[in-house]
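Engineer: Here is my input, please return the structure:
(chains A and B)
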Amino acid sequence: MRKYVLLTFVALLLIAAVPGLALAQEEAPPSIEEVVLAIDTTYVFLAALLVLFMQAGFAMLEVGFSRMKNVGSVVAKILANMGIGLVAFWAVGFAFTFSDGGGLNAIIGTQGFFTNPGGDVDATFAGLSWTAVPLSAKFLFQVAFALVSLAIVWGTMLERTKFAVYCIFAVVFAGLIYPIVGHWIWGGGWLAELGMLDFAGSTVVHLSGAMAALAGTLLLGPRIGKYDDEGNPQTIPGHNMPLAVLGVLILWIGWWGFNSGSTMMAVGQTFADIALTTNLAAGAGVLGAMAMSYAYRRNVDVGMTANGAIAALVAITAACAFVDPWASIVIGFIAGVIMYSTLVFVDKIGVDDPLGAIAAHGMGGIWGTLSCGLFATPALLETTGYGVAPGLFYGGGFAQLGVQALGIVVCGGFVFLTSYGVFAILKATIGLRVKPDEEFDGLDISEHGVYGYSEQLVATDYQNGNGSIPDPDRRTAEGTV
Amino acid sequence: MEQQGRPIAQGTGRGNTVIRVYPDRLEFVSGWQGQNATSVGLKQVVEVTIRGVVNCTLAVEINDGRRVEVDRMALPDARRIKSAIERQKETAGLYE
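Structural biologist: Predicted structure coming up:
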């Protein structure tokens, strides 16, 4: 019996192998170029997956920092924004960012709407023609970046914003605001012409998200109960620090794709070096935030330590390909310190930022972009093909630092003003925040009709429907009442 | 603070100030956990005005000489509060 089974198995294996053998005989072996392209494409594909997975990190981070009554609205918002952002960026955002704008190329791209991976894509999407991977892979990688930027906007506006506001602003941000800044720096726009350094998006992705968040938060106002009548900030603790830290860890891992993947090719690139600087900075950011927390309040705040890692990751995003490992540690540590100081300041001036996104992504983005003008080494600038002056500490003078500062002011100012305008229109028409009673009850029930944690907030084990505890001694033919 | 049913209209302004309109009164609640609450009977309300469009200011004039202003409100909320107060006063036949 065993012999027959073995023979059948071998026969099946041979049948399965025959078409493969036939194909192998017909096809010529792939060329080196084809193998390189396959490796590069696989690498970008994996990096895009890692960056897209950062949405799970944002979800867990925001859930952890929210109160139980609002967690369902957080995950609903993440899902809705992914859907809207993907479609809006495919329809117009990707074209605005990376296509050739002809006479308007300094400002915006004007071709290739409704992204289609056919035709002469290198001519149409000139901003990404430096990498040979297929357009679909380029789009998937870049749309994940746009979604990260969009996710940053909502971290500050948690627990009081109408769901409709998320949806409407997502269209404008992913379709227009983010792509314009992206084109200026990455798509061959006027800041790229000036030689601004922003390797993976400290300004394009993080500062943009944070500036939009600041605009929205200023118009939205703080959560009810955040400030007393004298204006003193009160702590509204998140409900689950382990989830928040899990979110940070997911983001940290996602940053491997975010920074290293921005080479958009694996062969002949220094992506492992970039991963090294990225992780060193994150570690130093944790240390910086821990030191600040202990100096300020004599204990180590878990949430702020986690934000220290994020601030450092944001900061190293611009500089990860241009700086030595020792510099990445300096950049990360200072980012952690700046983040904590900004968070305390922002809290005191009446801006309620539950997640610390303005401090981590805003100030982290500013510091990271500036750090390129300080720490960029001549050797790494040459390796990566950026023909600009090295940083101030490498004898490059203030020229590059000035370009970096100009980029920060213009991009930050542009995103802030346009986002403020959109949020102002929304506030004057549909209103930004939910009613006070709905805020007290929680957005889960008022905006989505169901709690994220039903069993904690609704007595689901009372089967008799009147809220009384069942009597175990009273029995009917069907069993216990 | 004791509430009687759900408010007809409500809104939030600067400094966590919450305004609630009930069938017979108007409540201003502010401070940490709503520790400062002021209740004004609708009979005492003389006039409600709205100024501005984005961060608009809702002003409530009361017949004892006070004028309560709540700024940085959303226009739709302020409009709803104003119309609710005026509707209630009309319903009660308080306009002579």
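
Engineer: What is the longest helix seen in chain A packed up against?
Structural biologist: In chain A, ranked by residue count with DSSP state H as the criterion, the top helix is helix A:32-65. Where contact means 3 or more CB pairs under 8 Å, 6 or more residues apart in numbering or on different chains; DSSP states H and E, helix A:32-65 is packed against helix A:71-88, helix A:135-155, helix A:241-255. For every residue, glycine as well, the C-beta is placed using N, CA and C.

Engineer: With distance to B:D71 as extra columns, can I get those in JSON lines?
Structural biologist: Output for the helices and strands packed on helix A:32-65, formatted as JSON lines (distance: least, CB to CB, whole Å):
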{"stretch": "helix A:71-88", "distance to B:D71": "27"}
{"stretch": "helix A:135-155", "distance to B:D71": "25"}
{"stretch": "helix A:241-255", "distance to B:D71": "34"}
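
Engineer: so which of the ones you listed comes closest to chain B?
Structural biologist: With CB to the nearest CB as the criterion, chain B lies closest to helix A:71-88 of the helices and strands packed on helix A:32-65, at 17.3 Å.

Engineer: okay, the angle between the closest one and helix A:135-155?
Structural biologist: Helix A:71-88 runs at 140 degrees relative to helix A:135-155, counting by axes from the mean of the first three to the mean of the last three CA atoms, to 10 degrees.

Engineer: what's next to helix A:71-88, contact-wise?
Structural biologist: For helix A:71-88, the surrounding residues in contact (CB atoms under 8 Å, 6 or more residues apart in numbering or on different chains) are A:55, A:58-59, A:62-63, A:66, A:143, A:146-147, A:150-151, A:154, A:158-159, A:163, A:166-167, A:170-171, A:173-175, A:239, A:442-444, A:447-448, A:450-453.

Engineer: Show the average pLDDT along that helix.
Structural biologist: On average, the pLDDT along helix A:71-88 is 94.

Engineer: chain center to it, what's the gap?
Structural biologist: Taking the mean of its C-alpha atoms, helix A:71-88 sits 13 Å from the chain's own mean (CA atoms, centre = their mean, to the nearest Å).

Engineer: low-scoring pLDDT stretches of the chain, where are they?
Structural biologist: Because you didn't say which chain, this covers chain A. Along chain A, the model assigns pLDDT under 70 to residues A:1-26, A:457-481.

Engineer: other chain: chain B
Structural biologist: Along chain B, segments meeting pLDDT under 70 span B:1-4, B:94-96.

Engineer: Which residues of chain A lie near chain B?
Structural biologist: A:219, A:221-229, A:231, A:234, A:424, A:427-433, A:435-437, A:439 (CB under 8 Å from any CB of the partner chain).

Engineer: Show me just the buried residues among those residues.
Structural biologist: A:219, A:221-228, A:424, A:427-428, A:431-433, A:435-436, A:439 (16 or more other CB atoms under 10 Å in any protein chain shown).

Engineer: For A:A28, grab the count of nearby residues.
Structural biologist: Using other CB atoms under 10 Å in any protein chain shown, the number of residues around A:A28 comes to 5.

Engineer: what's the answer for B:D64, then?
Structural biologist: 8.

Engineer: do the same with A:F163
Structural biologist: 16.

Engineer: ok so, going back, in helices, which of the residues of chain A next to chain B appear?
Structural biologist: Using DSSP H, those in helices are A:L219, A:A424, A:K427, A:A428, A:T429, A:P436, A:D437, A:E439.

Engineer: Let me have these in JSON lines, extended by distance to A:G407.
Structural biologist: Formatted as JSON lines, those follow (distance: CB to CB, whole Å):
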{"residue": "A:L219", "distance to A:G407": "26"}
{"residue": "A:A424", "distance to A:G407": "25"}
{"residue": "A:K427", "distance to A:G407": "29"}
{"residue": "A:A428", "distance to A:G407": "32"}
{"residue": "A:T429", "distance to A:G407": "33"}
{"residue": "A:P436", "distance to A:G407": "41"}
{"residue": "A:D437", "distance to A:G407": "44"}
{"residue": "A:E439", "distance to A:G407": "38"}
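
Engineer: The closest residue to chain B within the stretch 51-200 of chain A - nearest residue in space that isn't next to it in sequence?
Structural biologist: Minimum separation of the stretch 51-200 of chain A from chain B (CB to the nearest CB) falls at A:R160, amounting to 8.3 Å. Distances taken as CB to CB, 6 or more residues apart in numbering or on different chains place A:R433 nearest to A:R160, at 4.8 Å, with adjacent residues excluded.

Engineer: Now do the contacts for B:P76.
Structural biologist: Applying CB under 8 Å, 6+ apart, the residues near B:P76 are A:A428, A:T429, A:I430, A:G431.

Engineer: where's the first one relative to B:D77, distance?
Structural biologist: Right, the one you point to is A:A428. Separation of A:A428 from B:D77 (CB to CB, to the nearest Å) stands at 11 Å.

Engineer: now the second one
Structural biologist: Going from A:T429 to B:D77 by CB to CB gives 12 Å.

Engineer: now swap in the third one and tell me
Structural biologist: When CB to CB is applied, the distance between A:I430 and B:D77 equals 10 Å.

Engineer: ok so, going back, among the ones in helices among the residues of chain A next to chain B, which two are most distant?
Structural biologist: The distance between the two most remote of these (CB to CB) is 24.9 Å, for A:A424 and A:D437.

Engineer: Quick check, the residue in the stretch 301-450 of chain A closest to chain B?
Structural biologist: Nearest residue of the stretch 301-450 of chain A to chain B: A:G431, at 3.9 Å (CB to the nearest CB).

Engineer: tell me the helices in chain B, going along the chain?
Structural biologist: Using DSSP H, the helices of chain B run over B:75-91.

Engineer: which bits of it sit near chain A?
Structural biologist: Residues of chain B lying near chain A (CB under 8 Å from any CB): B:6-7, B:10-16, B:18, B:20, B:30-36, B:53-55, B:72, B:74-77.

Engineer: Produce a ChimeraX select command limited to the buried residues of those residues.
Structural biologist: Buried residues within those, by 16+ other CB under 10 Å, are selected in ChimeraX with:
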select /B:7,10,11,12,13,14,15,16,18,20,30,31,32,34,54,55,72,74,75,76,77
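
Engineer: Show me the residues of chain B next to chain A that map onto strands.
Structural biologist: With strands taken from DSSP state E, the overlap with these comprises B:Q10, B:G11, B:T12, B:V18, B:R20, B:S30, B:N36, B:R72.

Engineer: Looking at those residues, which is nearest A:A335?
Structural biologist: The nearest member of those to A:A335, counting by CB to CB, is B:R72 at 32.3 Å.

Engineer: picking that back up, out of the contacts of helix A:71-88, which are buried?
Structural biologist: Neighbour-count burial (16+ other CB under 10 Å) is assigned, among these, to A:55, A:58-59, A:62-63, A:66, A:143, A:146-147, A:150-151, A:154, A:158-159, A:163, A:166, A:170-171, A:173-175, A:239, A:442-444, A:447-448, A:451-452.

Engineer: center of chain A, which residue is that?
Structural biologist: Centrality entry for chain A: nearest residue to the mean C-alpha point is A:V148, 2.5 Å, by CA atoms, centre = their mean.

Engineer: can you tell me which residues contact that residue?
Structural biologist: A:V148 neighbours (CB under 8 Å, 6+ apart): A:V51, A:M54, A:Q55, A:F58, A:V205, A:G209, A:F258.

Engineer: Mind doing that once more with 7 Å?
Structural biologist: Contact partners of A:V148, counting by CB atoms under 7 Å, 6 or more residues apart in numbering or on different chains, are A:V51, A:M54, A:V205.

Engineer: can you check A:G452 too?
Structural biologist: A:G452 makes contact with A:V71, A:G72, A:D444, according to CB under 7 Å, 6+ apart.

Engineer: Go again with 10 Å.
Structural biologist: Contacts for A:G452 (CB atoms under 10 Å, 6 or more residues apart in numbering or on different chains) come out as A:63, A:66, A:68-76, A:239, A:442-445.
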